[in-house]
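In: Quick one, structure for this:
(chains A, B and C)
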Amino acid sequence: MTRDSPANFMDGAIPAGLLATVRSKRPLIHHITNGVTINDCANITICTGAAPVMAEAPEEVAEMVAAAGALVLNIGTLSATQVEAMLAAGRRANELGIPVVLDPVGVGATRFRTETAQRILDTLDVAVLKGNAGEIGVLAGTGGSVRGVDSGGIAGDPVETARECARLTGTVVSMTGAVDVVTDDRRVFLVGNGNPAMDRLSGTGCMASSVTAAFVAVADDYAVASAAALAALGRAGERAALEARGPYSFRTALFDELAGLTPDDLTGHARIEER
Amino acid sequence: MTRDSPANFMDGAIPAGLLATVRSKRPLIHHITNGVTINDCANITICTGAAPVMAEAPEEVAEMVAAAGALVLNIGTLSATQVEAMLAAGRRANELGIPVVLDPVGVGATRFRTETAQRILDTLDVAVLKGNAGEIGVLAGTGGSVRGVDSGGIAGDPVETARECARLTGTVVSMTGAVDVVTDDRRVFLVGNGNPAMDRLSGTGCMASSVTAAFVAVADDYAVASAAALAALGRAGERAALEARGPYSFRTALFDELAGLTPDDLTGHARIEER
Amino acid sequence: MTRDSPANFMDGAIPAGLLATVRSKRPLIHHITNGVTINDCANITICTGAAPVMAEAPEEVAEMVAAAGALVLNIGTLSATQVEAMLAAGRRANELGIPVVLDPVGVGATRFRTETAQRILDTLDVAVLKGNAGEIGVLAGTGGSVRGVDSGGIAGDPVETARECARLTGTVVSMTGAVDVVTDDRRVFLVGNGNPAMDRLSGTGCMASSVTAAFVAVADDYAVASAAALAALGRAGERAALEARGPYSFRTALFDELAGLTPDDLTGHARIEER
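Out: This next block holds a predicted model:
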């Protein structure tokens, strides 16, 4: 299944190839994550084709991460002990060249979250910073509001906000929204896949970080991998919305559809525009 | 859709109006809750029409709660650090006039739980105390038994037990059961909505606290809001039972039905008797 | 529903009778478990017919376990505080003759997990040690590899590995896989029920420990009870696979099917071979 795409659309075979690679390599994704969506993250990682492991004891994280293909740090239900574990795991990941995906959940809502996200960005080499618009706006320093863990919007243009954040942090920024913006400052990818039902479910943001980590674990180009991951999850969401009667049957369908998503379907339906 | 109700039945338009208000105001509900049902609580809050945030680090709870419309304290998987966080968040909520909903999960099963629930009630101004019959019986001091986190029954009359607990604690007591009893001592509301399938699923009690908090966040009369919340969740349970093949498909349907519950349906089907 | 079984197959009436006993006695199952699958464990315990309680504060575990029919210790997301709680609860369980089920999740993946599992086995009288092949191989000392929390395979024969582990630890070993091996060294039971879909879902291993604990709580023969538990969960998995469209609809069906599993169905379809 293919589609004629205008020149500025990424060839769907690229995300499809990465999905196939995730499934053949089945990378281990080490998560230090929040207690709300930890089960969602484990299962979405499996549905993507990778293998999850959750471990956050300072006693073991440096050892566990050494076996991983990527590390997810998600600050959704942060504690002081978790910060310690995140830094220890992240330092070891950096030493070994294992990419780190940071999900700064709720940054801006409290000083503890803001200072922790900043400390992680200052201390570690973060490969991908995945957040909603408000979170990215806060970290870009260009103005962003966060209410609990939800985006309250940003002051300026989404693409410029994401690029400024990428420049400031030296990471690939993956900013989710109605249209996702992925950028390493130099390049900008807009991902059009997805469905509004994903916003009416707890945990889709966290899931996006897990899927991103699975793709980043098998790719050299983290911006392309991040855009591909959001296209894959978004495409599963599009298919799931056709079957759902409400947010929880949507959830069931989302996991089923991602697990069943074929590279062929993604080739035909990924909507990644390079701007 | 309306229904002729005898004089002692609350007009269904009252809970329906509160549900509509939750959805238009979308209050932020700060939870310090247990690890078993934390995801259920986040999703049921969204399905009600409110926005959940879970945060329990002592470093941030006082700041987080300041943005919330209500605070849920649930002692289902208690730790010493959580107690500290609950008291800090609760004190700040009290200063700001933000209502606190306490779910004393498993009180009576261990001294740690009993002493913590008592300490919270002694230290904080709790708006609503939501528990099963055994838990309320323990806190009323009239005799109640708790096995793990399940009610083992009470010694006396349910309504009198709930009223005694309300008098003793100065809270609105919301006691769930086959018929729920909500009372501020002066008034007694009996809520007849619900389905036995709700008892064969982990977390429905915790969900009831989250839904209660969403309603309490937009109402001045906490007793009416608590009864309305149980009617809404119970009505979703009645509808879900028609579709379910077992406890997990019931769970999926429960969330879907609450998210899709219309004020009109609640107007016609809320069964709240004032005694 | 019955089936003609060759002489070395356990009479299906035995697991069926234990299932019926779980449902009539409804034992309380105290879990100190991981944060990833804690909700799955609570709900699968209810679906089996028992009552779950999760409590891990060192302040309360010895008191909570005294009311339980069995104790599950699962090291999937271990912390130092949890180790302390596991030992305190386990010692009290041992004093009271309450069986302890240990799930050494990820043992071998980090020193912290390996040392903790070993410390629990050295300190406590563990009734059943339930793990995947890699985990049991590690604890048998015969060679096993563990990647994150997944089995990476074992060096030798599965039955001999399980028997060696049983000899070394003095426990009933319940080793899950395509065919499960349950042994107290003297006897070996092979359980053929199950479906590969169970491997594509997070938490089925943890669920197996919860179901095992429910059966062990009502039986004197822990090896027979462990085999019966795996047959019951596996049979639910076989039925669920017929309805599922993917891993998450399989999950829904698995819980529904276990809750609806009749002793008659299990009598006819349990596949437990004594070798």
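
In: For the stretch 51-200 of chain A, which segments are assigned as helices?
Out: Assigned by DSSP state H, counting those that start in this stretch, the helices in the stretch 51-200 of chain A fall at A:61-65, A:80-96, A:111-123, A:133-140, A:158-169.

In: With distance to chain B added, can I get the ones you listed in CSV?
Out: Just so you know, the C-beta spots here come from the backbone N, C-alpha and C atoms, and that holds for glycine as well. Formatted as CSV, those follow (distance: least, C-beta to the nearest C-beta, whole Å):
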stretch, distance to chain B
helix A:61-65, 18
helix A:80-96, 7
helix A:111-123, 4
helix A:133-140, 13
helix A:158-169, 21
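
In: Which of those sits closest to C:E238?
Out: helix A:61-65 (33.8 Å; C-beta to C-beta).

In: which phi and psi does the residue in the stretch 1-150 of chain A that chain B sits nearest to have?
Out: Ranked by C-beta to the nearest C-beta, the top residue of the stretch 1-150 of chain A for proximity to chain B is A:G148, at 3.2 Å. Main-chain dihedrals, A:G148, degrees, to the nearest 10: phi 70, psi -110.

In: which residue is nearest the centroid of chain A?
Out: A:S209 (2.6 Å; C-alpha atoms, centre = their mean).

In: Not counting sequence-adjacent ones, nearest residue to that one?
Out: A:D103 (4.1 Å; C-beta to C-beta, 6 or more residues apart in numbering or on different chains).

In: Quick check: that neighbour touching A:M207?
Out: No. With contacts counted by C-beta atoms under 8 Å, A:D103 stays clear of A:M207, the gap being 10.1 Å.

In: Look at stretch A:66-73 and report the distance between its end residues.
Out: Using C-alpha to C-alpha, to the nearest Å, one end of stretch A:66-73 lies 15 Å from the other.

In: now that stretch, how far from the centre of its chain.
Out: In this view, stretch A:66-73 has its centroid 14 Å away from the chain centroid, taken as C-alpha atoms, centre = their mean, to the nearest Å.

In: buried set for stretch A:255-275?
Out: Buried positions in stretch A:255-275, judged by neighbour count with 16 or more other C-beta atoms under 10 Å in any protein chain shown: A:255-259, A:261, A:263, A:265-267, A:269-273.

In: quick one: the residue of the stretch 1-150 of chain A closest to chain B and A:V159, what's the gap?
Out: Distance, A:G148 to A:V159, using C-beta to C-beta, to the nearest Å: 26 Å.

In: Who has more neighbours out of those two?
Out: Between A:G148 and A:V159, A:G148 has the larger neighbour count (other C-beta atoms under 10 Å in any protein chain shown), namely 19 against 15.

In: for that one, what are its contacts?
Out: Residues near A:G148 by C-beta atoms under 8 Å, 6 or more residues apart in numbering or on different chains: A:G106, A:A109, B:L28, B:H30, B:A51, B:P52, B:V53, B:M64, B:A67, B:A68.

In: The helix or strand containing the residue nearest to the centre of chain A packs against which elements?
Out: A:S209 belongs to helix A:204-216 when elements are defined using DSSP states H and E. If you count contacts as 3 or more C-beta pairs under 8 Å, 6 or more residues apart in numbering or on different chains; DSSP states H and E, helix A:204-216 packs onto helix A:13-25, strand A:28-32, helix A:38-48, strand A:70-74, strand A:100-103, strand A:128-132, strand A:172-176, helix A:222-241.

In: Give me the residues contacting the fifth one.
Out: By C-beta under 8 Å, 6+ apart, the residues outside strand A:100-103 that reach it are A:33, A:70-76, A:90, A:93-94, A:117, A:120-121, A:124-131, A:171, A:205-206, A:209, A:212-213, A:216.

In: are any of those residues buried, and which?
Out: Neighbour-count burial (16+ other C-beta under 10 Å) is assigned, among the contacts of strand A:100-103, to A:33, A:70-76, A:90, A:93-94, A:117, A:120-121, A:124, A:126-131, A:171, A:205-206, A:209, A:212-213, A:216.

In: how about the residues of chain A that lie near chain C?
Out: A:28, A:30, A:35, A:38-39, A:42-43, A:46-47, A:51-57, A:59-60, A:63-64, A:67-68, A:81, A:251-257, A:259-260 (C-beta under 8 Å from any C-beta of the partner chain).

In: make it 6 Å
Out: For chain A, the contact set with chain C under C-beta under 6 Å from any C-beta of the partner chain comprises A:28, A:35, A:38-39, A:42-43, A:51, A:53-54, A:57, A:59-60, A:63-64, A:252, A:255-256, A:259-260.

In: which of these count as buried?
Out: A:28, A:35, A:38-39, A:42-43, A:51, A:53-54, A:57, A:59-60, A:63-64, A:252, A:255-256, A:259.

In: Give me the nearest residue to A:A13, chain neighbours excluded.
Out: Here the residue nearest A:A13, using C-beta to C-beta, 6+ apart, is A:T267, at 5.2 Å.

In: check contacts around the one you found.
Out: By C-beta atoms under 6 Å, 6 or more residues apart in numbering or on different chains, A:T267 lies in contact with A:G12, A:A13, A:A16.

In: ok, the last one touching A:D265?
Out: No. Taking C-beta atoms under 6 Å as the definition, A:A16 is not a contact partner of A:D265, at 8.2 Å.

In: In chain A, what residue lies closest to chain B?
Out: Proximity of chain A to chain B (C-beta to the nearest C-beta) peaks at A:G246, 2.7 Å away.

In: most neighbours per residue, which of the helices of the stretch 51-200 of chain A?
Out: Among those, helix A:133-140 has the highest mean neighbour count (mean count of other C-beta atoms under 10 Å in any protein chain shown), at a mean of 27.

In: count of neighbours near the closest residue to A:P15 other than its chain neighbours?
Out: Of all residues not flanking A:P15 in the chain, A:A228 sits nearest, at 3.4 Å (C-beta to C-beta, 6+ apart). Neighbourhood size, A:A228 [other C-beta under 10 Å]: 31.

In: Can you give me the distance of A:A228 to A:T116?
Out: Applying C-beta to C-beta, the value for A:A228 to A:T116 is 28 Å.

In: And stretch A:218-232, what's buried?
Out: Buried residues in stretch A:218-232, counted by 16+ other C-beta under 10 Å: A:218-219, A:222-232.

In: so which of the residues you listed would you say is closest to chain C?
Out: Nearest to chain C among the buried residues of stretch A:218-232, with distances taken as C-beta to the nearest C-beta, is A:A232, at 14.8 Å.

In: what's near enough to touch that closest one?
Out: A:L19, A:L266.

In: Which residue of A:D103 and A:M207 possesses the greater neighbour count?
Out: Neighbours were counted for A:D103 and for A:M207 using other C-beta under 10 Å; A:D103 has more, 30 against 27.

In: Spatially nearest residue to A:C41, not counting backbone neighbours?
Out: A:S210 (4.5 Å).

In: Could you tell me which ranges of the stretch 151-275 of chain A sit under the pLDDT cut-off?
Out: Along the stretch 151-275 of chain A, no part satisfies pLDDT under 70.

In: Check it for the residue nearest chain C and tell me.
Out: Proximity of the stretch 151-275 of chain A to chain C (C-beta to the nearest C-beta) peaks at A:D256, 2.7 Å away.
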